[in-house]
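> Here is a sequence with its predicted model. Questions after.
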Amino acid sequence: MADGDFTVSKPSNGLAKIRTEGSGHGICHDDSALPVKAQTIDELHSLQKKRWSSPTTPMDQQTQQQAFIAASEEERHKQRLQSISASLASLTRETGPKLVRGDPARNAEGANRVHHVTPTVSVTDSALKFTHILYNLSPAELYEQAIKYEKGSFITSAGALATLSGAKTGRSPRDKRVVIDETTSEELWGSPNIEMDEHTFMVNRERAVDYLNSLEKVFVNDQFLNWDPEYQIKVRIVSARAYHSLFMHNMCIRPTPEEIENFGVPDFTIYNAGQFPCNRYTHYMTSSTSIDLNLARREMVILGTQYAGEMKKGLFSVMHYLMPKKQILSLHSGCNMGKDGDVALFFGLSGTGKTTLSTDQNRLLIGDDEHCWSENGISNIEGGCYAKCIELSKEKEPDIWNAIKFGTVLENVVFDEHTREVDYEDKSVTENTRASYPIEYIPNAKIPCIGPHPRNVILLACDAFGVLPPVSRLTLAQTMYHFISGYTALVAGTEDGIKEPQATFSACFGAAFIMLHPTKYAAMLAEKMEKHNAAGWLVNTGWSGGRYGVGNRLKLGYTRKIIDAIHSGSLLNAEYKKTEVFGLQIPTQVEGVPSEILDPVNTWADKEAYKETLLKLAGLFRQNFEVFADYKIGQEGKLADEIFAAGPNF
Ligand SMILES: Nc1ncnc2c1ncn2[C@@H]1O[C@H](COP(=O)(O)OP(=O)(O)O)[C@@H](O)[C@H]1O
Ligand SMILES: C=C(OP(=O)(O)O)C(=O)O
Ligand SMILES: [Ca+2]
Ligand SMILES: [Mn+2]
């Protein structure tokens, strides 16, 4: 042995004899000579964990180092529990539940932290019970909670937490409602915001709160939205599952310990009752799922769905209401920045490439999904990303692949029972498999997630009809036309027999989230693009060479080359020609992309079918835009006429 403390010699009886060296008397070291600072096993275990601290998103150094006014620790914990108890107060019983900090499983630990928050006036059993609060737990603690108590939670070979979201594996837009009162009935755009009244909201709120209070423990996250400190809001998420708490830990901005101590009263609260359904006898309820937004109360209630994306997109709706009031444009877009500070926005509906294309090894990631454009520039609303991971490959999307590690929530993926290796091709649970990770898991994330005014505005459409060009340069009026249209066409996925792509028009590429009339956002976008001289682009990340079933999806590598040419500015100076019907300007050459695919007509073998499909899509655009024809945009509505004229002509 090279540096052995002991040697092994082979005696005649065949058994190896161990001789320790340096011990002098030929006996082994006595372990008891090394003192363990504990007299009992329990004491030993208590040494394992150091004092409580809270996980953070790296903010700027100064904020982090700022000393905070120190009330006594006990006092601060008490205040926090009081604030949470107020959040969870039942409206009819007037008082909040009794709260205990910590895990009920560790009773001894919890018991000495009991706080009698408010004197109880009612005498029901629920008033006698304690609700344990698991407050801003760390990813490690949440892993333990999930694995111990939530069926379907596993650690994958990469270290991510695999979970199941239950019966719902996507959002439920038809079950999302907004309270209409005197103010909001004036302000809100009717169509996507299915209404409900205040009273019904309160019925559902009570249902969610009673459910949460009936549990042994609930998770509470206090976090921030929006990286621009001037327009940041404080959010509280009360949920029943560790999975939800970890998801929001990843998706919202994580406060420093100092910020947590001084958090105070949240600006907005989510009550996520998850699997607990709404009462279908309640007015307005059309299913067992209800996602209810009350802007006046600044509250959201979730009943009957565990799909975590509901929380993040629910808060996005809130931002779509609050931000425009401050002249800030909220955007359903990804965003990244070049080394020279050139910022690009990527708008698009789900699955069109916002996350994939904003995550670019050559550029700094500002965010993948939700942003604000204010007079200060661009800021990300969130602290994390939510990537689709169906057919995820290490080669094509290395940064997303590498972000799937400890701390990442992997929703609804399928993995090998033994190795826990994820099969990203497997759609057994759903096609909408997802990974949620903190933004700093992307190596070139731009932290803080803010940037200057955008230079390029890229509208993404996954055109399964295969007739939109891979890239077109848009005039301002065309940008507005396509922004208001919000087109994409997807295929129904795995189902057999689906030959016809489904066209979707979703105003501002986010009709499910916008709160005001689409033209309000469009006017702000036009004003900002003009002021900051941003160029508009339409990029088809969908089909080429024929519609779905005949052609193929454009290679991600080609789309990336197109995006590179937009970023570098080289595409601004390219030679262009105009397409028929849609009147789009398309480049004749893009570096790294076969020129013949740039005009889709070249890629279709059946030219007649091409023309027919093109006209069909143009007709769908025209039909969709009819409802917007009467709106004024810009001064004296001049832009409105231009925008209307910027649609297809046939
Ligand atoms: N040419 C392409 N451009 C962009 N994405 C593509 C392309 N081809 C295939 N994809 C896949 O489409 C999906 C786009 O999803 P994602 O970026 O998560 O969309 P979003 O963030 O807009 O919802 C990814 O799974 C990506 O791998
Ligand atoms: C979370 C979502 O975002 P996206 O699909 O746009 O990435 C969603 O739409 O449910
Ligand atoms: Ca995304
Ligand atoms: Mn999105």
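Here it is on my side, so go on. Numbering: from 1, shown residues only. Ligands and ions are numbered 1, 2, ... in the order given.
> what about the strands in the stretch 451-600 of the chain?
Counting by DSSP state E, counting those that start in this stretch, the stretch 451-600 of the chain has strands at residues 456-461, 471-474, 487-490, 502-505, 535-540, 543-544, 552-553, 576-578, 585-587.
> And the stretch 201-350 of the chain, by the same measure?
In the stretch 201-350 of the chain, the segments counted as strands under DSSP E, counting those that start in this stretch are 217-225, 233-239, 268-272, 290-294, 299-303, 329-337, 343-347.
> which one of the strands of the stretch 451-600 of the chain lies closest to residue 428?
Judged by C-beta to C-beta, the one of the strands of the stretch 451-600 of the chain that comes nearest to residue 428 is strand 487-490, at 20.2 Å. Backbone N, C-alpha and C define where each C-beta goes, glycine included.
> Can you name every helix or strand that that closest one contacts?
The criterion is 3 or more C-beta pairs under 8 Å, 6 or more residues apart in numbering; DSSP states H and E, and the helices and strands that strand 487-490 contacts are strand 456-461, strand 502-505, helix 607-625.
> Indicate which one of the strands of the stretch 201-350 of the chain is closest to ligand 1.
Counting by C-beta to the nearest ligand atom, ligand 1 lies closest to strand 329-337 out of the strands of the stretch 201-350 of the chain; the figure is 6.5 Å.
> For the chain, which residues score under the pLDDT cut-off?
Along the chain, the model assigns pLDDT under 70 to residues 1-35, 51-71, 92-97, 107-124, 127, 191-192, 492-499, 631-639.
> At the contact with ligand 1, which residues of it appear?
Counting by C-beta under 6 Å from any ligand atom, the positions of the chain adjacent to ligand 1 are 348, 350-357, 387-388, 390, 541, 553-554, 556, 559.
> if we go to 8 Å?
If contact is defined as C-beta under 8 Å from any ligand atom, the residues of the chain in contact with ligand 1 are 334, 346, 348-359, 368-369, 386-393, 396-397, 460, 462, 541-542, 553-556, 558-560.
> Any of those buried? List them.
The neighbour count (16 or more other C-beta atoms under 10 Å) marks 334, 346, 348-359, 368-369, 386-390, 392, 397, 460, 462, 541-542, 553-554, 558-560 as buried among the residues of the chain next to ligand 1.
> Helices - which of the residues you listed land there?
Of those, the ones assigned to helices by DSSP state H are 354, 355, 356, 357, 358, 558, 559, 560.
> Quick one: residues contacting the spatially most central residue of the chain.
Averaging the C-alpha coordinates of the chain gives a centre point, and the residue nearest to it by C-alpha atoms, centre = their mean is residue 386 (4.5 Å). Residue 386 sits next to 251, 309, 312, 355, 368, 369, 434, 435, 436 when contact means C-beta atoms under 8 Å, 6 or more residues apart in numbering.
> Distance-wise, check the closest residue to the first one other than its chain neighbours relative to residue 407.
Going back to what we said before, that points to residue 251. In space, not counting the residues next to it along the chain, residue 251 is nearest to residue 384; the distance is 4.4 Å by C-beta to C-beta, 6 or more residues apart in numbering. Separation of residue 384 from residue 407 (C-beta to C-beta, to the nearest Å) stands at 10 Å.
> Please enumerate the shared neighbours of the two.
What both residue 384 and residue 407 touch, as defined by C-beta under 8 Å, 6+ apart, is the set 250, 437, 438.
> What's the local residue count around residue 641?
Neighbourhood size, residue 641 [other C-beta atoms under 10 Å]: 15.
> so it, which of the three states?
Reducing the assignment to helix, strand or coil with DSSP: H, G, I helix; E, B strand; the rest coil, the entry for residue 641 is helix.
> And the residue of the chain closest to ligand 2?
Here the residue of the chain nearest ligand 2 is residue 350; by C-beta to the nearest ligand atom that distance is 3.1 Å.
> And that residue, how close does it get to residue 171?
Residue 350 is 9 Å from residue 171, by C-beta to C-beta.
> and the residue lying closest to residue 36 once chain neighbours are set aside, helix, strand or coil?
Setting aside the residues directly before and after it, residue 36 is nearest to residue 44 in space (C-beta to C-beta, 6+ apart), at 6.6 Å. Each residue gets one of three states, and residue 44 gets helix by three-state DSSP.
> and which of the contacts of residue 386 is nearest residue 289?
Checking those against residue 289 by C-beta to C-beta gives residue 309 as the nearest, at 13.4 Å.
> Could you list the residues of the stretch 401-550 of the chain in contact with ligand 2?
Applying C-beta under 8 Å from any ligand atom, we find that the stretch 401-550 of the chain lies next to ligand 2 at 432, 434, 512.
> Just send the residues you listed back as a markdown table, with neighbour count too.
As requested, these are exported to a markdown table (neighbours: other C-beta atoms under 10 Å):
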| residue | neighbour count |
| --- | --- |
| 432 | 20 |
| 434 | 23 |
| 512 | 18 |
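> Nearest to ligand 1, out of those: which one, please.
Taking these together and measuring to ligand 1 by C-beta to the nearest ligand atom, the closest member is residue 434, at 8.5 Å.
> so what's the closest one up against?
With the criterion set at C-beta under 8 Å, 6+ apart, residue 434 makes contact with 309, 386, 387, 388, 389, 409, 410, 411, 412.
> Name the nearest of these relative to ligand 1.
Of all these, the one with the least separation from ligand 1 (C-beta to the nearest ligand atom) is residue 388, at 3.6 Å.
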